[in-house]
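>>> how would this look folded up:
(one chain, ligands or ions: 2)
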Amino acid sequence: VNPIFANAGTSIFEAMSRLAAETGSINLGQGFPEGMEPAVLIDAAVKALQDGPHQYPPMLGLPALRQAVAENTKRFLDIDVDWEREVLVTSGATEALADTFLALLETGDEVIVFEPVYDVYALLIRRAGAVPVPVRLAPPHWELPREQLAALITPKTRAIVINTPMNPIGKIFDDEELAFLSALVLKHDLLVIADEVYEHLTFDGRAHKTLFALPEIRDRVVRIGSAGKTFSVTGWKVGYVTADAKLLAPIARAHQFVTFTTPPALQAAVAVGLRLPDTYFQSLKTDLELRRNVLVNGLRAAGFTVADAASTYFAIADISSFDPDGDDLAFSRRLTLEAGVTPVPISSFYGARDVTSHVRFCFAKKIETLEEAVRRLSRWR
Ligand code: PMP
Ligand code: GLN
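Residues are numbered from 1 along each chain as shown. Ligands and ions are numbered 1, 2, ... in the order given. Now for the predicted structure:
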């Protein structure tokens with residue numbers, strides 16, 4: 001048994017979802033939306049299931065979806081993408097990450113990841129034979145520690161993984177930070193793996209920015225997206241990779257031997273989704289903003305210190321006024337049992353589990369659900 005997975009334990013998302021289900025708590029832990037799936041997408045999937053085909057689609061993905069990914073990238077980011085040579089459909093962003101690490105990393109390569117970090121990166125990087133090198137963003141401002149990052153680059157550094165907009169903290173890397181990263185990438189001859197699954201979930205007029213848009217490094221960036229987030233269907237597991245053909249080709253080889261394809265009916269429906277008019281993408285933002293406001297205002301009224309949630313599904317709450325010892329895991333369990341509201345602890349996004357002052361709440365829920373959560377929190381307090 002390989003120790004990397006054997007010792008990994010149950011993911012915090014699964015663990016907290018289970019605890020919430022067992023105790024009848026409102027699950028604001030694991031990041032998944034409630035009641036937001038666009039009807040046109042469901043209709044398109046139903047029709048595609050009725051009409052077929054039901055057999056293996058092309059290995060790279062349905063042409064309609066690859067074209068739609070390229071069009072969406074042009075429409076929202078003004079980047080030209082060759083859909084035939086630069087787009088690959090995967091079974092979720094998770095498969096895209098696995099394929100990318102398997103294809104691009106060699107034994108002993110070092111890969112920079114930013115903490116708080118999404119749980120799959122470090123494990124998959126290690127299983128691909130490489131070494132994740134964490135660079136820590138710390139509360140309360142979660143700034144990119146530029147000098148520290150630059151100092152951690154060695155001759156073995158092969159790639160930087162960036163997740164923007166960033167789970168769990170909702171940080172959107174700005175132009176200056178991206179320019180800094182781009183200069184490092186060029187100076188040290190690195191690749192970039194850009195997990196941009198929350199690209200369309202930015203609030204209050206903020207814009208998503210991508211390293212893929214910088215011409216000087218475009219051929220070094222692997223950009224990953226997910227229909228799960230863009231269309232509020234996290235169980236569908238349809239993802240996409242966009243990269244220069246020289247990088248995409250080996251990633252597609254990895255995909256060929258990992259899943260080979262993704263269910264065609266879901267691909268067809270996501271193609272319809274990516275071609276929806278701008279109004280869909282605008283209303284996704286405003287809809288989530290509304291939900292965010294209900295939760296963030298409620299958390300503040302209940303005594304939490306909550307930063308402005310700029311993007312993603314998540315609000316981060318400082319728990320120090322309730323838990324001066326700072327044990328975010330114990331606090332998450334306590335809130336579940338005592339208040340009936342379940343967050344996830346931020347420490348689980350740090351390899352050393354030592355940033356314990358914050359928990360994450362998901363606000364992509366029905367307004368009634370959020371209002372009930374807020375009522376429970378104010379009663380608990
Ligand atoms: N990356 C990040 C940062 C995520 O939050 C998620 C969502 N769970 C994923 C990747 C995985 O996306 P998918 O469900 O499409 O595999
Ligand atoms: N990305 C989701 C989150 O951050 C969880 C996905 C999962 O459960 N693996 O909550």
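>>> going forward, measure contacts between C-alpha atoms and count neighbours the same way
OK.
>>> and the longest helix for this protein?
For the chain, the helix that runs over the most residues, judged by DSSP state H, is helix 278-301.
>>> now do that one: distance to the chain's middle.
Centroid separation for helix 278-301 versus its chain: 18 Å, with C-alpha atoms, centre = their mean, to the nearest Å.
>>> packing partners of that helix?
Helices and strands touching helix 278-301, by 3 or more C-alpha pairs under 8 Å, 6 or more residues apart in numbering; DSSP states H and E, are strand 305-306, strand 314-318, helix 367-380.
>>> who wins for proximity to residue 155 among those?
Closest approach to residue 155 among those (C-alpha to C-alpha): strand 314-318, 35.8 Å.
>>> re earlier: list the buried ones in the longest helix of the chain?
281, 284-286, 288-289, 291-296, 298-299 (16 or more other C-alpha atoms under 10 Å).
>>> TSV please, covering these and showing distance to ligand 2 and pLDDT.
Shown next, in TSV, are the buried residues of helix 278-301 (distance: C-alpha to the nearest ligand atom, whole Å; pLDDT from 0 to 100):
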residue	distance to ligand 2	pLDDT
281	20	98
284	18	98
285	18	98
286	21	98
288	16	98
289	18	98
291	17	98
292	16	98
293	19	98
294	19	98
295	17	98
296	18	98
298	21	97
299	19	97
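>>> hmm, back to that, what angle do the longest helix of the chain and strand 314-318 make?
Here helix 278-301 runs at an angle of 20 degrees relative to strand 314-318 (axes from the mean of the first three to the mean of the last three C-alpha atoms, to 10 degrees).
>>> show residues contacting helix 278-301.
The list of residues contacting helix 278-301 from outside it, by C-alpha atoms under 8 Å, 6 or more residues apart in numbering, reads 200-204, 305-306, 308-309, 313, 315, 317, 363-367, 370-371, 374, 377-378.
>>> try it again at 6 Å.
For helix 278-301, contacts defined as C-alpha atoms under 6 Å, 6 or more residues apart in numbering pick out 201, 363, 374.
>>> next one: stretch 35-45
For stretch 35-45, using C-alpha under 6 Å, 6+ apart, the contacting residues are 232, 265-266, 269.
>>> and among the helices and strands packed on helix 278-301, the most buried is which?
Of all the helices and strands packed on helix 278-301, strand 314-318 has the most neighbours on average by mean count of other C-alpha atoms under 10 Å, namely a mean of 25.
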